[in-house]
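Colleague: Quick one, fold the following:
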Amino acid sequence: MNITNSIRLKSSDDIKRIAEAGKIIAEIFKRLEKISPVGISTLELDSMIESMILKSRSRPSFKTVPNYHHATCLSVNDEVVHGIPSKKKKLKEGDIIKVDVGVVKNGYFADACRTFPVGNISEKARRIMETASNALQLGLAQVRENRRLGDIGFSIQSYVEECGYSVVRDFTGHGVGFAVHEQPNVPHYGRKNTGLILREGLVLAIEPMINEGTEKVITLDDGWTTITADGKLSAQFEHTVAVTKDGPMILTE
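Modeller: Here you go, the predicted structure:
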């Protein structure tokens, strides 16, 4: 299949509706900033977030993914992505946790992730979180008409590597809006002026995963949870963003 032909651009009304789903995620993150998660399990946190989603008259979009049964992916410390919520996994002071949330409202999907500190964290944890957040902002700034996917990846990769970290290559960002995952894939590494040309109406989830050490990762036997190969920290931030005539429009802010 021609990838270009399989990409579904969004109208201004579609983008407005995706933003309604995105606003719910942004509000959830604001509420999470105000709680102390020390001592609670990741399953409890997942249940709390699912309750917030349902009260907003929307649904957790991750539950539309085959064989996944939770509202969130919650990845702690060296867990890079797709951490399964568990009652056995209790958060402790000094952890960092990636909270990845998807919402579907009236048939429109949005996706975002933030890495949160659990209590007081180390300087090295704070620094990798800051780097991942900055990398996302640099990638978002490239989401403009007639730029290319490679420009997004290059801006993220070059900054991250200058800071002494690595970019995970086994997972990418993706299109989003009418489904949890759509074309195109959005690598967080690459070369300038390569890849798909960005057009008005394209909506992307950009979600760089930044590792303290090696970019290599290992997926555990549960088939979902992915960890750094060297046991070092990983951080991630993600937004859903639309290409508009006026530049990038962040839909999960």
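Colleague: State the distance from Y68 to P184.
Modeller: Look at Y68 and P184: by Cβ to Cβ, to the nearest Å, they are 22 Å apart. The C-beta positions use only the backbone N, C-alpha and C, and glycine is treated the same way.
Colleague: Would you mind listing the buried residues in stretch 177-192?
Modeller: Residues of stretch 177-192 classed as buried by neighbour count (16 or more other Cβ atoms under 10 Å): 177, 179-180, 182-190.
Colleague: And what about V143, helix, strand or coil?
Modeller: coil (DSSP: H, G, I helix; E, B strand; the rest coil).
Colleague: Three-state assignment for the closest residue to it other than its chain neighbours, please.
Modeller: Spatial nearest neighbour of V143, excluding adjacent residues (Cβ to Cβ, 6 or more residues apart in numbering): P248 at 3.9 Å. Secondary structure state of P248, per three-state DSSP, is strand.
Colleague: What's opposite P248 in the beta bridge?
Modeller: V243 (DSSP bridges).
Colleague: distance of it from V203?
Modeller: Here P248 is placed at a distance of 11 Å from V203 (Cβ to Cβ).
Colleague: So for those two, which residue has more residues nearby?
Modeller: Between P248 and V203, counted using other Cβ atoms under 10 Å, the more crowded position is V203 (27 against 20).
Colleague: Identify the residues contacting that one.
Modeller: When contacts are counted by Cβ atoms under 8 Å, 6 or more residues apart in numbering, V203 is found next to 10, 14-15, 18, 175-177, 240-243, 251.
Colleague: and if we set it to 7 Å?
Modeller: By Cβ atoms under 7 Å, 6 or more residues apart in numbering, V203 lies in contact with 10, 15, 18, 175-177, 240, 242.
Colleague: Determine which two of the residues you listed are furthest apart.
Modeller: I15 and G175 (12.9 Å; Cβ to Cβ).
Colleague: which non-adjacent residue is nearest T219?
Modeller: Counting by Cβ to Cβ, 6+ apart, T219 lies nearest to T226, which is 4.7 Å off, once chain neighbours are set aside.
Colleague: do D95 as well
Modeller: Per Cβ to Cβ, 6+ apart, closest to D95 is V118, 4.0 Å.
Colleague: Chain neighbours aside, what residue packs nearest to L149?
Modeller: G195 (3.4 Å).
Colleague: Quick check: buried residues in stretch 210-223?
Modeller: If you call a residue buried by 16+ other Cβ under 10 Å, then stretch 210-223 has these buried ones: 210-213, 215, 217.
Colleague: Report the rounded mean pLDDT for it.
Modeller: The pLDDT scores in stretch 210-223 average 97.
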